[in-house]
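S.K.: mind looking at a prediction? Sequence and model below.
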Protein chains: 2
Amino acid sequence: MIVALAGGVGGAKLAQGLAAVVDDLTVIGNTADDFELYGLHISPDLDTVMYTLAGLANPVTGWGIADESWGFMAMLGRYGEEAWFRLGDRDLATHVLRTTRLRAGQPLTAVTQDLAAALGIKARLLPMCNQPVSTLVNTPDGWLGFQDYFVRRHHQDRVLEVSFSGIENADLTAEVDAALRQAEAIIFCPSNPIVSIGPVLAVVGMRELLVEVGQHVPIVAVSPIVGGKALKGPADEMLSSLGHERSALGVARLYTGLVRGMVIDHADAKLQPAIEALGMRVLVTQTVMGEADDRARLAGEVLNFTKGIRT
Amino acid sequence: MIVALAGGVGGAKLAQGLAAVVDDLTVIGNTADDFELYGLHISPDLDTVMYTLAGLANPVTGWGIADESWGFMAMLGRYGEEAWFRLGDRDLATHVLRTTRLRAGQPLTAVTQDLAAALGIKARLLPMCNQPVSTLVNTPDGWLGFQDYFVRRHHQDRVLEVSFSGIENADLTAEVDAALRQAEAIIFCPSNPIVSIGPVLAVVGMRELLVEVGQHVPIVAVSPIVGGKALKGPADEMLSSLGHERSALGVARLYTGLVRGMVIDHADAKLQPAIEALGMRVLVTQTVMGEADDRARLAGEVLNFTKGIRT
């Protein structure tokens, strides 16, 4: 079994590639950007992975559902509601069902597995935990909820500090624990190391388990920073403003002690010696993914890379 | 001020007609067919009146919103959900906002007035009460929730008994009380007398207030039964199976002691003497309503009729 840790769009793409080339895949998704809107529990990262694995994702935005309609939002507008977070009509079915089932007492893990199964997803999609965790970012304008920062304010604010509210109560689920213990390789997808992979690693017991499992199983990360820039989102700016190097090397440093190998882009080949100096193996390849075939190509290369890593 | 008591589609049409011909209109809507679906508070009768008054109603079905889209339902179907109650994408915005505001502690009266105002409705739309009331019908297959009977089972079951669960806790609201006390005329719209007007009349204190107010204000009803048939829905079958006459006379008998006048269709002109024998005045006219102009025409005739009634 292969286990992938994933955040949003980039993570979802590699997860899709992995699903195409491995039979037994578990994806552990970030839920620290979950939030409630109009009484609905929304899990943006989980849904991006789920829709992508189901082949439903909007190919242009990377998030949301292809051929979505917007009647709900149009009517909300008639009611005079501010609509900075766009909820598509089809997407809404996910939020409504998830919310109903959570309110009925089902844990998020079970709800997520049911929804993913109904969409025909073969991979196991697991939230990082069942407890609510909320990413907050401190900015020159004060602390902001993650979606407020990310969507409403278009991640324009300088991030001075990041906090995962509730993380102290977030336990490893039995399903995440079992998946990691059964893993033959663990892959950190090209997701934001601070606010996508960061919360997953901050779940109580997660880092210790990864260190333990990592003694006999290869753990590798794919850099979300290429040529000093994030392919999508604010990972580059966030690394800088938080005092890290805005590069694949900066990402590698954050993962020191956890990962044995980094996958970086040709554009960053010159960083290979510095990353190797951290005690990591390096695979230099094309990390920018195109459509499904290209995602499977990168997934295959990453898997091969894990096989060459001595543990 | 004119006050109308209304249930679903027929009531909404006359309410729209009244709104066109009177400046100050209050519509008191049935909420005993309200129910919860996917955690959403749905008020089918209130919404039918609201959408009709806002000029948004689907002209074909009479309920729901014109030019509705169905992405939410399509996606629910992909999740394997049974979908007997159809929630349109635009319609869903109403349910989501209403539910959020009720959960935040706003009474249904305030929520309804806010939603109606946002849609540009000039008339005052009031739910019959703020407390939850649920119509239940007893059938040869046992007791059924109203929407189960009405929508899922297409009102095919023989109704042996009707009950309004929770009605003993349903109080007259200050708004309904004030509207009725200020009314110059009160009109029972052509709605099902058992399950649309019936629950409104069953609110604690309503019947007594109507009797009191009716001593100096004309109260008239428009028959929803024409030529022994309900124009829409199961009112005719329900009257029969509950032991009433399936006619405008049967409706008039149910309203004895409350209304001073009945408006019946030309098709039922022969019932005039029997209804007059109940001590009511009778207006015979065309009660089957076409589009907006025709609704205003009937509304005008009904208003004139109330003016001729001695109180």
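M.R.: That came in fine, so what should we check first?
S.K.: tell me, how many neighbours does A:His41 end up with?
M.R.: Neighbourhood size, A:His41 [other CB atoms under 10 Å in any protein chain shown]: 21. To be clear about C-beta, it is placed using only N, CA and C from the backbone, and glycine gets the same treatment.
S.K.: which helix or strand contains it?
M.R.: strand A:40-42 (DSSP states H and E).
S.K.: can that strand be found next to chain B?
M.R.: Yes. Shown here: strand A:40-42 in contact with chain B (CB under 8 Å from any CB of the partner chain) through A:Leu40.
S.K.: which elements pack onto the lowest-mean-pLDDT helix or strand in chain A?
M.R.: The weakest-scoring helix or strand in chain A, judged by mean pLDDT, DSSP states H and E, is helix A:146-147 (a mean of 91). Under the contact criterion of 3 or more CB pairs under 8 Å, 6 or more residues apart in numbering or on different chains; DSSP states H and E, helix A:146-147 touches strand A:134-139.
S.K.: the helices in the stretch 201-311 of chain A, which residues?
M.R.: Listed in chain order, the helices of the stretch 201-311 of chain A (DSSP state H, counting those that start in this stretch) span A:206-213, A:235-241, A:248-254, A:272-276, A:292-307.
S.K.: so for the first one, what gets flagged as buried?
M.R.: I take that to be helix A:206-213. For helix A:206-213, the neighbour count (16 or more other CB atoms under 10 Å in any protein chain shown) marks A:Met206, A:Leu210, A:Val213 as buried.
S.K.: just the residues you listed that are near chain B?
M.R.: With CB under 8 Å from any CB as the criterion, the buried residues of helix A:206-213 include none near chain B.
S.K.: just to revisit the earlier point, the least confident helix or strand of chain A: how far from the chain's middle?
M.R.: 14 Å (CA atoms, centre = their mean, to the nearest Å).
S.K.: contacts for it, please.
M.R.: For helix A:146-147, contacts defined as CB atoms under 8 Å, 6 or more residues apart in numbering or on different chains pick out A:Ala32, A:Asp33, A:Phe35, A:Pro44, A:Phe85, A:Ser134, A:Thr135, A:Leu136, A:Val137, A:Val195.
S.K.: which helix or strand lies directly C-terminal to that helix?
M.R.: Remark: after helix A:146-147, the chain's next helix or strand is strand A:161-165, criterion DSSP H and E.
S.K.: what's the angle between whichever helix or strand comes after that following strand and helix A:206-213?
M.R.: Per DSSP H and E, the first helix or strand lying C-terminal to strand A:161-165 is helix A:174-182. Angle, helix A:174-182 to helix A:206-213, by axes from the mean of the first three to the mean of the last three CA atoms, to 10 degrees: 30 degrees.
S.K.: name the helices or strands packed onto helix A:174-182?
M.R.: Contact analysis of helix A:174-182 by 3+ CB pairs under 8 Å, 6+ apart lists strand A:25-29, strand A:124-127, helix A:206-213 as its packing neighbours.
S.K.: quick one, which of these is nearest to B:Lys229?
M.R.: Minimum separation from B:Lys229 across the helices and strands packed on helix A:174-182 (CB to CB) falls at strand A:124-127, 53.9 Å.
S.K.: residues touching A:Tyr79, list them.
M.R.: Counting by CB under 8 Å, 6+ apart, A:Tyr79 has contacts B:Ala93, B:Thr94, B:Leu97, B:Leu115, B:Ala118, B:Leu119.
S.K.: same thing but 6 Å
M.R.: B:Leu97, B:Ala118 (CB atoms under 6 Å, 6 or more residues apart in numbering or on different chains).
S.K.: and for A:Val3?
M.R.: By CB under 6 Å, 6+ apart, the contact set of A:Val3 is A:Thr26, A:Ala179, A:Leu180, A:Ala183, A:Ile186.
S.K.: wait, the third one touches A:Gly214, no?
M.R.: Just to be clear, that refers to A:Leu180. No. Applying CB atoms under 6 Å as the test, A:Leu180 and A:Gly214 come out as separate, 9.6 Å apart.
S.K.: looking at those two, which has the bigger crowd around it?
M.R.: Neighbour totals were compared for A:Leu180 and A:Gly214, and A:Leu180 leads with 23 against 18 (other CB under 10 Å).
S.K.: could you measure from the more buried one over to B:Leu239?
M.R.: As defined by CB to CB, to the nearest Å, A:Leu180 lies at a distance of 66 Å from B:Leu239.
S.K.: listing partners with orientation, what would you give for the strand holding A:His41?
M.R.: When sheet partners are counted by DSSP bridges, strand A:40-42 sits next to strand A:35-37 (antiparallel).
S.K.: and chain A, which residues reach chain B?
M.R.: Residues of chain A lying close to chain B by CB under 6 Å from any CB of the partner chain are A:38-39, A:69, A:71-72, A:75-76, A:79-80, A:89-90, A:92-93, A:96-97, A:99-100, A:103, A:118.
S.K.: where are the low-confidence patches of chain A?
M.R.: Within chain A, the stretches with pLDDT under 70 are A:311.
S.K.: out of the buried residues of helix A:206-213, which is nearest to B:Arg260?
M.R.: Distances from B:Arg260 to those, taken by CB to CB, are shortest for A:Met206, at 75.0 Å.
S.K.: coming back round to it: now the strand holding A:His41, how far from the centre of its chain.
M.R.: Strand A:40-42 sits 18 Å away from the centroid of its parent chain (CA atoms, centre = their mean).
S.K.: moving C-terminal from it, which element do we reach first?
M.R.: helix A:44-53.
S.K.: residues in contact with the closest residue to chain B within the stretch 101-250 of chain A?
M.R.: Using CB to the nearest CB, the single residue of the stretch 101-250 of chain A nearest to chain B is A:Ala118, 4.6 Å away. Shown in contact with A:Ala118 (CB under 6 Å, 6+ apart): B:Tyr79, B:Gly80.
S.K.: now it: how far from A:Met50?
M.R.: According to CB to CB, A:Ala118 and A:Met50 sit 10 Å apart.
S.K.: quick revisit: closest to A:Val263 among the buried residues of helix A:206-213?
M.R.: Among the buried residues of helix A:206-213, and counting by CB to CB, the member closest to A:Val263 is A:Leu210, at 17.3 Å.
S.K.: if I pick that closest one, what's in contact with it?
M.R.: Going by CB under 6 Å, 6+ apart, A:Leu210 touches A:Leu258.
S.K.: same check on A:Asp265?
M.R.: Applying CB under 6 Å, 6+ apart, we find A:Asp265 in contact with A:Val226, A:Thr287.
S.K.: that one and A:Met289, how far apart?
M.R.: A:Asp265 sits 11 Å away from A:Met289, taking CB to CB as the criterion.
S.K.: and if you look at A:Asn30?
M.R.: Taking CB to CB as the measure, A:Asn30 falls 19 Å from A:Met289.
S.K.: please apply the same query to A:Asn304.
M.R.: A:Asn304 is 16 Å from A:Met289, by CB to CB.
S.K.: more neighbours: these two, which one.
M.R.: Each of A:Asn304 and A:Met289 has its neighbours counted (other CB under 10 Å); A:Met289 has more, 21 against 10.
S.K.: quick check: phi and psi at that one.
M.R.: phi -100, psi 140 (degrees, to the nearest 10).
S.K.: A:Lys13 is in contact with that one, correct?
M.R.: Yes. Applying CB under 6 Å, one finds A:Met289 in contact with A:Lys13, separated by 4.8 Å.
S.K.: tell me, what's touching those two both at once?
M.R.: Here A:Met289 and A:Lys13 have A:Arg295 as joint contacts, going by CB under 6 Å, 6+ apart.
S.K.: which residue packs closest to A:Thr94, ignoring adjacent ones?
M.R.: Excluding the flanking residues, the one nearest A:Thr94 by CB to CB, 6 or more residues apart in numbering or on different chains is A:Asp47, at 5.9 Å.
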